[in-house]
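Chemist: fold the following.
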Amino acid sequence: MGNVFRGSGRHLDLSNGGTEVFIDVLMLAVSDLADAEWDYRFAALLTLQDQNVMGRGAVGFDLWDIAWGASTAECARSKDFVLRTVGLALCRHRWSELGYDPPFARGYLLQFESMVKSFVPTDGTQFGEGFPSPEERAVASCARHRILSALPHWEGCFLCNRPRSY
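Modeler: Got it, this is the predicted structure:
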């Protein structure tokens, strides 16, 4: 069983382990870049991909389901934020904090980056299906790891919630 991330007529099919790695490296980046309401909503979408909470093989999203913004300028700003997040993750930002080496993360990120770059968001959508509302944005940060979390839905960040076998 795996998870699918879709956009631009393409998809990123990941195993459960691949999904964990993909979301882990994005969460480290988004936690340090988010500074606007939309950014925290995107971070909340990423926190909802935590399979230890949501269930293995039960996550993924389509770029069409994201509320990119009400205007062309807002859509462009939102898309730029996602690309900056991916770019920071590609620089191995904070990967040393993971406690493991994610050898395939670069490939996942490059494929997702390509999907986002070629995606043309539709303006006029404030609330996309499945995209967290402004009230559901990820505003809490784990004090121990400095990673945005889905508080009050569950305690701590993905590093706090993950059972480690190593």
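Chemist: any regions of this structure where pLDDT drops low?
Modeler: Where the chain drops to pLDDT under 70, the residues are 1, 50-60, 123-129, 136, 139-166.
Chemist: how about the helices in it?
Modeler: Along the chain, counting by DSSP state H, helices occupy 16-33, 37-47, 51-54, 72-90, 105-118, 158-161.
Chemist: residue nearest the centroid of this structure?
Modeler: Centrality entry for the chain: nearest residue to the mean C-alpha point is residue 46, 3.2 Å, by CA atoms, centre = their mean.
Chemist: ok, the residue nearest to residue 23 when sequence neighbours are not counted to residue 2 distance?
Modeler: In space, and not counting its chain neighbours, residue 23 is closest to residue 49: 4.5 Å by CB to CB, 6 or more residues apart in numbering. C-beta coordinates here come from the backbone N, C-alpha and C atoms, glycine included. Applying CB to CB, to the nearest Å, the value for residue 49 to residue 2 is 12 Å.
Chemist: quick one: which of those two has more around it?
Modeler: residue 49 (22 against 14; other CB atoms under 10 Å).
Chemist: returning to what we had before: right, and the residue nearest to residue 23 touches residue 19 too?
Modeler: Yes - counting by CB atoms under 8 Å, residue 19 is a contact partner of residue 49 at 6.7 Å.
Chemist: neighbours around residue 88, how many?
Modeler: A total of 19 residues lie near residue 88 under the criterion other CB under 10 Å.
Chemist: if you could redo that for residue 36, that was the one I meant.
Modeler: Burial of residue 36 is recorded as 13 neighbouring residues (other CB under 10 Å).
Chemist: kindly report the same for residue 82.
Modeler: Counted with other CB under 10 Å, residue 82 comes out at 24.
Chemist: now swap in residue 19 and tell me
Modeler: Residue 19, neighbours per other CB under 10 Å, totals 24.
Chemist: for the one 4 residues further on, same thing?
Modeler: Around residue 23 there are 23 other residues, counting by other CB under 10 Å.
Chemist: surely it touches residue 45?
Modeler: No - contact criterion CB under 8 Å: residue 23 and residue 45 do not qualify, at 10.0 Å.
Chemist: appreciated, that's everything.
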